[in-house]
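**Q** quick check, what structure comes out for this input:
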Amino acid sequence: MPFCTNRKWRRLLLWALGAAWLATVAPALADATGGVQVNAAQLTEVGNDYFLNADLGVHLTPTQKDALNKGVDLYFVLNFELTRTRFFWFHETIASVRQQYQLSYNVLTRQYQLSDGLSHKNYDTLAETIRQLGHIRQWKTVNGKTLSPGTTYRAGLQMKLDTSRLTKPMQLNALTSKDWTLDSGWHYWTITPVPLAAPTQP
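**A** Modelled structure (predicted):
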């Protein structure tokens, strides 16, 4: 019996050590290799439209950080799509929208700037700028009038670094180097609009 108890505690200890490793080492590895992860995404109905709220973890590679700090602007593309599954036929695309972000660094003011094409904001640190890049709020994506209540739809979200906006030499380097690869891949979830309640009879 003591042997079983010791083995149980050994497993708990290994689990705790593994959890501690993930909490400390994994973020460091993400910063070293770069990457984008969709941590949460949700569509919220407001009036006749649907708005996206999402949180993404964005980690630049050392090469990307170095280029940014030397004055190279980085462009990110956020893609959203909503489709309806049709058996024995192609999926029907209900909505497909994209948003572009420009990340830049001003060497004179030593500030970072994030722009979405309509507005821009300055930040003192890169970490703060990156957090804002992954903080998506109230992005209008779907016209609710195009959806049928009770029908299930598949929503998809992707963020990636747009290497086509880099200089030509950097574009060639991006073709063969993982230092310029930054793509979350598609993150999918489903939504089902709730049918309107029938009016009550007087």
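
**Q** helices of the protein, start to end?
**A** Applying DSSP state H to the chain gives helices spanning 2-33, 62-69, 126-133, 168-176.

**Q** from A41, how far off is M159?
**A** Per Cβ to Cβ, to the nearest Å, M159 is found 11 Å from A41. (C-beta placed from N, C-alpha, C; glycine too.)

**Q** these two: which has the busier surroundings?
**A** The neighbour comparison of M159 against A41 (other Cβ atoms under 10 Å) goes to M159, with 25 against 18.

**Q** show me what that one is bridged to.
**A** Beta-bridge pairing for M159 (DSSP bridges): L78.

**Q** surely it meets H187?
**A** No - using Cβ atoms under 8 Å, M159 is not in contact with H187; the gap is 9.1 Å.

**Q** can you pull the residues that touch both of these two?
**A** Common neighbours of M159 and H187 (criterion: Cβ atoms under 8 Å, 6 or more residues apart in numbering): V38.

**Q** counting by contacts, list what the lengthiest strand in the chain packs against.
**A** Longest strand in the chain, counting residues (DSSP state E): strand 92-106. Applying 3 or more Cβ pairs under 8 Å, 6 or more residues apart in numbering; DSSP states H and E, one finds that strand 92-106 contacts helix 62-69, strand 74-84, strand 111-115, helix 126-133, strand 135-143.

**Q** quick one: low-confidence residue ranges for the chain.
**A** Within the chain, the stretches with pLDDT under 70 are 1-33, 196-202.

**Q** how does it divide up, domain by domain?
**A** Domain segmentation of the chain under automatic domain parsing yields 1-29, 34-191.

**Q** pick the most buried one from the ones you listed.
**A** domain 34-191 (a mean of 15; mean count of other Cβ atoms under 10 Å).
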